[in-house]
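In: Could you work out the structure for the sequence below:
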Amino acid sequence: MLWLSVGPEVIPLAIFLISFGREPRKFRTGVYLLGAVGWLAVLVLGWSLAVVSRLDDRLGGWWLLGVVAVAAITLVGLAISMVIAGVTLVRRERLRPGRLLSMALGLLMLGYLAWLTAAIVSEDVVQVMWAIWVGLPLSYFGFGFAAFVIYGAFYPAWMVRFGPPAHAVIVLGSGLIRGEVPPLLADRLRAGRRVFAHAIVSGRRPVLITSGGRGPDEPVAEAEAMRDFLIADGVDPGAIVTEDQSRNTQQNLEFSAEVLKSRQITGPVAVVTSDFHALRAALLMRAQGIPGYAVGARTARYFWPTAVIREYAAVLRDHFWFNAVMVALTSLPLVLALGQAIVNSLG
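Out: Numbers count the residues shown, from 1 in each chain. So this is what the prediction gives:
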């Protein structure tokens with residue numbers, strides 16, 4: 001029967017769909033999505049290789065070599081684009097350590113690829129093995145980062161289209177510049193207004209919460225500046241509630257949850273932030289027990305890589321012990337090899 005022939009091939013996709021349907025606000029759902037995409041790529045590659053090989057055995061080898069070349073070129077291109085994005089970010093928004101993340105990761109990728117390529121070309125088996133051992137923990141981080149990026153793009157895009165009308169919309173602050181709403185925060189507020197308007201059109205009477213406290217260098221709380229921006233943009237002042245005590249995303253959601261509780265709002269909540277931040281906001285929503293989803297406003301392309309790296313690092317920190325164990329396990333061959341090398345040098 002047909003379903004028996006295609007059944008095993010759709011298992012990774014089925015796992016993702018089940019996980020997404022039960023609770024999309026889990027990082028492992030993104031891992032399942034990456035697994036499904038990777039499995040589909042393997043199936044397509046295997047099918048195309050079989051078709052080409054039937055025409056000519058030699059064509060199959062060239063086809064496989066071409067796929068490897070394309071993958072290598074893609075990785076190099078990705079690394080170079082990250083370096084360029086990092087340079088652009090520094091040029092436009094001044095030099096700060098946190099703004100070097102994209103550039104540093106791109107250079108690290110280029111250095112590792114150059115090392116591995118040189119070892120393979122020179123047929124240096126020892127260097128190839130060292131590169132593989134070093135690559136194991138790097139691959140763990142790389143796989144997680146790929147899952148974060150892919151699912152971080154898919155999740156908010158899906159929720160913008162298919163998320164239910166919200167009973168409350170929470171717009172997360174991102175900092176003021178000289179007491180004024182900067183472009184990044186303005187984009188969040190405009191996106192929040194669109195979600196708010198959609199809920200009204202759908203028959204809801206939502207509340208719009210602006211969330212953000214007052215920093216040491218800010219003349220007013222973020223929430224107040226955000227409220228004034230929305231009122232000037234045409235939003236009914238009576239629909240806006242300010243949460244002006246939070247200092248970070250976790251507090252944004254924690255204190256906003258108290259506002260929801262005080263108003264007895266239990267329906268779906270839409271949290272609006274920047275696109276690079278939407279997935280982590282959704283993960284924190286789940287941790288706070290807030291029902292609903294997160295959506296993201298677009299950000300500048302040059303800013304996005306560094307911001308995504310920072311968000312991924314925060315997710316790793318939020319799941320510290322699990323990641324510590326996984327890094328220890330993937331680093332074990334490298335540690336053993338280093339130990340053996342030290343013993344050999346002393347002997």
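In: is it fair to say residue 218 lies in a strand?
Out: No: Residue 218 is assigned coil when assessed by DSSP: H, G, I helix; E, B strand; the rest coil, not a strand.
In: Could you look up the SS state of residue 171?
Out: Of the three states, residue 171 takes strand according to three-state DSSP.
In: Could you tell me which residues make contact with it?
Out: Contacts for residue 171 (C-beta atoms under 8 Å, 6 or more residues apart in numbering) come out as 188-189, 192, 208-211, 226, 272-273. Every residue, glycine included, has its C-beta placed from N, CA and C.
In: now for the helix or strand containing residue 89, which elements pack on it?
Out: Per DSSP states H and E: residue 89 is located in helix 57-93. Counting contacts by 3 or more C-beta pairs under 8 Å, 6 or more residues apart in numbering; DSSP states H and E, helix 57-93 packs against helix 27-55, helix 101-121, helix 304-318.
In: could you pull out the strands for the stretch 201-347 of the chain?
Out: Taking DSSP state E, counting those that start in this stretch as the criterion, the stretch 201-347 of the chain contains strands spanning 207-211, 240-243, 269-274, 292-297.
In: As TSV, the ones you listed with mean neighbour count and distance to residue 164 would be great.
Out: Below are the strands of the stretch 201-347 of the chain laid out as TSV (neighbours: other C-beta atoms under 10 Å; distance: least, C-beta to C-beta, whole Å):
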stretch	mean neighbour count	distance to residue 164
strand 207-211	27	16
strand 240-243	21	21
strand 269-274	27	9
strand 292-297	26	8
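In: what about those, which gets the closest to residue 319?
Out: Closest to residue 319 of these, according to C-beta to C-beta: strand 292-297, at 18.0 Å.
In: and the closest one, which strands flank it?
Out: Strand 292-297 sits in its sheet next to strand 269-274 (parallel), going by DSSP bridges.
In: And the average pLDDT for the strand it pairs with is what?
Out: Mean pLDDT, strand 269-274: 97.
In: Now do that strand and strand 207-211, the angle between them.
Out: Orientation check (axes from the mean of the first three to the mean of the last three C-alpha atoms, to 10 degrees): strand 269-274 against strand 207-211 gives 40 degrees.
In: Contacts for strand 269-274 next, please.
Out: Residues outside strand 269-274 that contact it (C-beta under 8 Å, 6+ apart): 159, 163, 166-172, 174, 184, 187-188, 191-192, 195, 199, 249, 253, 260, 278, 281-282, 285, 290-299, 307.
In: Highest mean neighbour count out of the helices and strands packed on helix 57-93?
Out: helix 304-318 (a mean of 19; mean count of other C-beta atoms under 10 Å).
In: Quick one: list the elements packing against that one.
Out: Using 3+ C-beta pairs under 8 Å, 6+ apart, helix 304-318 sits against helix 57-93, helix 101-121, helix 125-162, helix 278-288.
In: Include mean pLDDT when you put the helices and strands packed on helix 57-93 into TSV, please.
Out: Output for these, formatted as TSV (pLDDT from 0 to 100):
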stretch	mean pLDDT
helix 27-55	90
helix 101-121	94
helix 304-318	93
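In: Any idea which of the ones you listed gets closest to residue 345?
Out: Closest to residue 345 of the helices and strands packed on helix 57-93 is helix 101-121 (C-beta to C-beta; 20.6 Å).
In: can you dump the C-alpha coordinates of stretch 244-251 into PDB?
Out: The C-alpha atoms that make up stretch 244-251 are tabulated as PDB, following Å, rounded to 0.1, in the frame of the first residue of the first chain:
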ATOM      1  CA  ASP A 244       6.700  50.500  34.300                       C
ATOM      2  CA  GLN A 245       8.800  48.500  36.800                       C
ATOM      3  CA  SER A 246      10.500  45.800  34.600                       C
ATOM      4  CA  ARG A 247      14.200  45.900  33.600                       C
ATOM      5  CA  ASN A 248      14.500  42.800  31.400                       C
ATOM      6  CA  THR A 249      12.300  40.400  29.300                       C
ATOM      7  CA  GLN A 250      11.600  38.000  32.200                       C
ATOM      8  CA  GLN A 251      10.400  40.900  34.300                       C
END
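In: now that stretch: how far from the chain's centre is it?
Out: Its chain's average C-alpha position is 21 Å from that of stretch 244-251, according to C-alpha atoms, centre = their mean, to the nearest Å.
In: returning to that earlier point: and the helix holding residue 89, how far from the chain's centre?
Out: How far helix 57-93 lies from its chain's middle: 20 Å, per C-alpha atoms, centre = their mean.
In: Only the buried residues of it, if you could.
Out: 60, 63, 76, 79, 82-83, 85-86, 88-90 (16 or more other C-beta atoms under 10 Å).
In: OK, contacts around the closest residue to residue 158 other than its chain neighbours?
Out: Excluding the flanking residues, the one nearest residue 158 by C-beta to C-beta, 6 or more residues apart in numbering is residue 24, at 7.9 Å. Residues near residue 24 by C-beta under 8 Å, 6+ apart: 155, 158, 282, 293.
In: where's the last one relative to residue 111, distance?
Out: This means residue 293. The spacing between residue 293 and residue 111, counted by C-beta to C-beta, to the nearest Å, is 39 Å.
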